[in-house]
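[1] Give me the fold of what follows.
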Amino acid sequence: MVQAIKESEQFHLMITPEGTRNKVNEWKRGFYHIARGAGVPVVLAILDGAKRTVRVGQLVHLTEDIEADMKTIQVYYRGKVGIHPHRTSELSHPSPS
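    Residues are numbered from 1 along each chain as shown. Got it, this is the predicted structure:
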């Protein structure tokens, strides 16, 4: 995936951080590693199932601190509800520090 991004003039890839159809205890980090490896930022977006809309939000330029970057991303999603609210991970709603 990293190579495909680097070789493309324009490339769009959407991956949900939970990366699964079920509720999880930890977000998958493949999207993070793909973006870091390709040297591209992550664009945070929200799929609002109730309103049938997509909102493009914050642009995150990743650092070498994966934990801090993941927290930034998770804080952005705090309080947001997706297509299947019953599958929303508690990790998408971290408490502020």
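[2] Which strands border the lowest-mean-pLDDT helix or strand in the chain, and is each parallel or antiparallel?
    Here the helix or strand of the chain ranked lowest by mean pLDDT, DSSP states H and E is strand 42-48, holding a mean of 87. Applying DSSP bridges to the sheet, strand 42-48 is found paired with strand 53-60 (antiparallel).
[3] and residue 70, which of the three is it?
    Under DSSP: H, G, I helix; E, B strand; the rest coil, residue 70 falls in the helix class.
[4] these two touch, right, it and residue 26?
    No - using CB atoms under 8 Å, residue 70 makes no contact with residue 26, being 10.0 Å away. Where you see a C-beta, it was placed from the backbone N, CA and C, and this is true even at glycine.
[5] Keeping just the C-alphas, turn the least confident helix or strand of the chain into CSV.
    Written as CSV, here are the backbone C-alpha positions of strand 42-48 (Å, rounded to 0.1, in the frame of the first residue of the first chain):
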residue,chain,number,x,y,z
VAL,A,42,-4.1,11.5,7.9
VAL,A,43,-7.4,13.2,7.1
LEU,A,44,-10.0,12.5,9.8
ALA,A,45,-13.5,12.1,8.5
ILE,A,46,-16.9,11.1,10.0
LEU,A,47,-19.5,8.9,8.4
ASP,A,48,-22.8,9.9,10.0
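[6] Name the surrounding residues that touch it.
    14, 31-32, 35, 53-60, 62, 73, 76-77, 80-83 (CB atoms under 8 Å, 6 or more residues apart in numbering).
[7] Separate out the buried members of those.
    Buried by 16 or more other CB atoms under 10 Å: 31, 32, 35, 60, 62, 73, 77, 80, 82, out of the contacts of strand 42-48.
[8] got CSV for these, with pLDDT and distance to residue 44 too?
    Below are the buried ones among the contacts of strand 42-48 laid out as CSV (pLDDT from 0 to 100; distance: CB to CB, whole Å):
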residue, pLDDT, distance to residue 44
31, 89, 11
32, 91, 12
35, 94, 12
60, 96, 6
62, 96, 12
73, 91, 6
77, 84, 7
80, 78, 10
82, 69, 13
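[9] What about those residues, which are in strands?
    Applying DSSP state E to the buried ones among the contacts of strand 42-48, the entries found in strands are residue 60.
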